[in-house]
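Student: Give me the fold of what follows.
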Amino acid sequence: MHLLSSSCVGSLVLVLATLLCRVSCTETVVGLYGETLEIPCNKGAVKGEKATFTQWKYDKGDRIPRLLLKKKINQSISIDASDEYKDRINLAANLSLLLTAAKLTDQHLFTCMVLQVDGIMEYPVQVVVNKAPEGVEISDKAEELEFGKLTKLATCVARDANPAAKIIWLKNNKSLSDDGKGISIQTSVEVDPVTSLSTTTSTLEYSANKEDTYAQFSCSSQHSVGKPMTSSPLTFNITYSTEHLILQVNAQEPLVEGDNVTLKCVADGNPAPSSFNFHLKGNVVTVNNTDTYTLTDVSRDATGEYKCSLIDNPSMVASKEVTVNYLDINLSPTGSVVKKVGEALDVNFQINSSGASKVSWTKDKVKLQKEPKFHKLTYSDSGHYECEVTMGALIKKLSFKLLVEGAPVIKQLSKHRGEDGQHKVLICEAEGSPKPSVSWSINGTSLYESPFVNGKVTHKITVVPTVNLTVLCTVSNTFGEDMREISVSPLFGEVRVDKRDQSEDGDRTKLVVGVVVGVLIVAMVIGLAYGIYQKKSKQGSWKTGERENGSSEEEKKLEEKVEENSQKAEV
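Tutor: Model prediction:
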């Protein structure tokens with residue numbers, strides 16, 4: 001049995017520790033393509049002033065160490081590399097290896113070996129170089145997309161990245177996924193043999209629908225370095241066949257006789273059809289390079305169903321009901337109507353309309369509660385009558401002007417004392433048409449004449465009578481005249497009567513009563529005497545049996561005497 005010396009054992013332990021560290025203690029450093037890469041020695045824990053000797057080397061993967069540089073304490077750096085690293089490497093104060101213009105070919109295992117007082121240590125570092133893609137660009141953009149057909153939409157490319165960039169397709173900023181049906185995404189990665197940079201290419205095939213007409217499509221690259229980059233949005237014209245037709249009726253509301261109506265056939269196809277057939281109540285009209293047809297000056301007979309259809313597909317039809325509103329009114333009489341007072345006037349009013357209507361009447365712009373009826377015309381019936389009929393926005397009016405004429409009639413002739421007590425007011429109220437003129441049989445001061453309204457006129461005069469008068473009021477027009485008289489007593493006589501002594505009136509009353517009583521007593525006495533005389537005359541005849549020739553004459557005279565006395569008693 002051979003025993004190892006203590007120095008050999010120590011060296012062996014150091015070698016084993018180094019090998020173990022290379023396996024389990026390897027550090028990874030990520031650098032950016034084209035920039036200076038700092039590769040730390042033991043994560044920067046090694047202090048340069050304590051290292052008596054420092055050396056950097058790298059392994060391309062063939063386990064052959066290649067020297068890069070070394071440095072002894074208190075000496076300058078010695079560059080050992082003779083390959084591409086000769087002019088790109090340097091040593092930092094903290095013993096980190098500085099590598100300029102990092103490339104993908106720099107992705108090796110670099111090892112820092114340090115000799116210190118307590119021994120020799122090696123610190124391996126794996127270098128990784130990342131690069132964001134140059135950008136994203138879209139190519140092979142489709143001219144249009146056909147509805148329901150899987151079509152290549154575009155190709156998105158993210159160039160020169162490490163690792164390869166990931167491409168995501170977006171519709172209205174929402175990601176799309178390959179569903180094996182309406183969405184198909186094919187992605188490939190190509191590595192440049194010189195730069196070892198990867199270019200990612202993604203192609204989107206898409207089955208569009210009608211709503212995609214205004215959709216925005218884009219692609220975005222995602223990478224571990226930097227922010228995502230998104231392409232400019234794309235929009236596409238979506239083509240599809242017509243599936244539905246709509247017939248639009250463009251006209252003023254409400255549509256009435258004399259208006260124009262434009263029929264428009266709206267198709268949902270893209271591109272939309274440019275020619276149509278319009279079915280106009282049994283007639284077919286074909287229009288080219290337009291989707292409209294105009295009916296001018298329509299009548300109520302134009303009411304009905306209208307249709308439009310595709311020329312190349314007549315079975316695809318759209319229809320619409322068109323209603324032409326109308327309102328006819330007939331009034332008899334119209335214009336100016338002249339009638340005699342007391343006559344009847346028949347008013348006939350008729351409505352012919354396409355819908356429910358509302359009727360209102362006015363007389364001289366004042367609303368009436370019902371349609372006017374004239375069974376016996378009066379002067380107050382004169383006026384301007386108008387009927388208004390409304391049906392929605394339709395309004396029609398007709399009118400007539402009624403004039404009731406006739407000979408004037410005095411309705412009232414009256415008098416009253418003036419407010420100052422110094423005159424009397426005579427009032428003559430009359431009706432007639434044309435306006436009657438008023439005249440008086442005496443001269444007086446004209447006080448007032450009312451306006452001539454509804455065939456009525458009132459005339460007032462003031463007079464100062466000094467004797468009893470009979471005053472005549474006369475009214476006349478072209479149809480005749482009327483007159484009426486009124487008695488007017490003197491103004492001052494009435495005043496004297498009013499001011500008589502009441503005691504004198506009382507005495508006269510007593511005197512009259514006494515006379516009447518006396519007359520009654522005399523009449524009673526005469527009557528009693530006449531009765532006794534008659535009785536005696538008859539008794540005398542019965543006694544003698546003779547006829548008295550003068551008895552009848554005497555009886556007649558006696559009766560005349562009694563009648564005369566009675567008349568005197570009444571006076």
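
Student: And the helices in the chain?
Tutor: Secondary structure of the chain, counting by DSSP state H: helices at 6-24, 491-498, 502-544, 551-570.

Student: list the contacts for the residue nearest to residue 61 when sequence neighbours are not counted?
Tutor: In space, residue 61 comes closest to residue 108 once its chain neighbours are excluded; the distance is 7.2 Å by C-beta to C-beta, 6 or more residues apart in numbering. Bear in mind the C-beta positions are built from the backbone N, C-alpha and C, glycine included. Contact analysis of residue 108 by C-beta atoms under 8 Å, 6 or more residues apart in numbering lists 58-61, 126-127.

Student: And for residue 221?
Tutor: The neighbours of residue 221, taking C-beta under 8 Å, 6+ apart as the test, are 133, 135-136, 158, 161, 165-168, 200, 228-230.

Student: out of those residues, which are buried?
Tutor: Buried by 16 or more other C-beta atoms under 10 Å: 133, 136, 158, 161, 165-168, 200, 229, out of the contacts of residue 221.

Student: Between the residues you listed, which sits nearest residue 248?
Tutor: When the buried ones among the contacts of residue 221 are compared for distance to residue 248, the smallest value, 43.1 Å, is given by residue 168; criterion: C-beta to C-beta.

Student: Would you check that that closest one makes contact with residue 175?
Tutor: Yes: counting by C-beta atoms under 8 Å, a contact exists between residue 168 and residue 175, whose distance comes to 5.3 Å.

Student: With pLDDT as extra columns, can I get the contacts of residue 221 in a markdown table?
Tutor: As requested, the contacts of residue 221 are arranged in a markdown table below (pLDDT from 0 to 100):
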| residue | pLDDT |
| --- | --- |
| 133 | 93 |
| 135 | 88 |
| 136 | 93 |
| 158 | 95 |
| 161 | 93 |
| 165 | 94 |
| 166 | 95 |
| 167 | 95 |
| 168 | 96 |
| 200 | 96 |
| 228 | 90 |
| 229 | 92 |
| 230 | 93 |
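
Student: I'd like the residues you listed written out as a markdown table, with distance to residue 354 added.
Tutor: Output for the contacts of residue 221, formatted as a markdown table (distance: C-beta to C-beta, whole Å):
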| residue | distance to residue 354 |
| --- | --- |
| 133 | 73 |
| 135 | 69 |
| 136 | 66 |
| 158 | 70 |
| 161 | 76 |
| 165 | 72 |
| 166 | 70 |
| 167 | 66 |
| 168 | 63 |
| 200 | 71 |
| 228 | 66 |
| 229 | 67 |
| 230 | 62 |
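
Student: quick one: which of those sit in strands?
Tutor: With strands defined by DSSP state E, the entries of the contacts of residue 221 inside them are 136, 158, 161, 166-168, 200, 229-230.

Student: quick one: stretch 331-347 to chain centroid distance?
Tutor: Stretch 331-347 has its C-alpha centroid displaced from the chain centroid by 46 Å (C-alpha atoms, centre = their mean, to the nearest Å).

Student: and if you look at stretch 257-277?
Tutor: Mean C-alpha position of stretch 257-277 versus that of the full chain (C-alpha atoms, centre = their mean) differs by 27 Å.

Student: swap in stretch 306-318?
Tutor: Using C-alpha atoms, centre = their mean, the distance from the centre of stretch 306-318 to the centre of the chain it belongs to is 34 Å.

Student: Which residues does it contact?
Tutor: If you take C-beta under 8 Å, 6+ apart as the criterion, stretch 306-318 is touched by 242, 244-247, 249, 263, 265, 267, 273, 275-281, 286, 319-322.

Student: Low-confidence ranges, this protein, go.
Tutor: Across the chain, the stretches falling below the confidence threshold (pLDDT under 70) are 1-24, 48-49, 492-571.

Student: can you list the domains in it?
Tutor: Taking automatic domain parsing as the domain assignment, the ranges for the chain are 18-130, 136-239, 245-322, 327-403, 405-496, 503-519+557-571.
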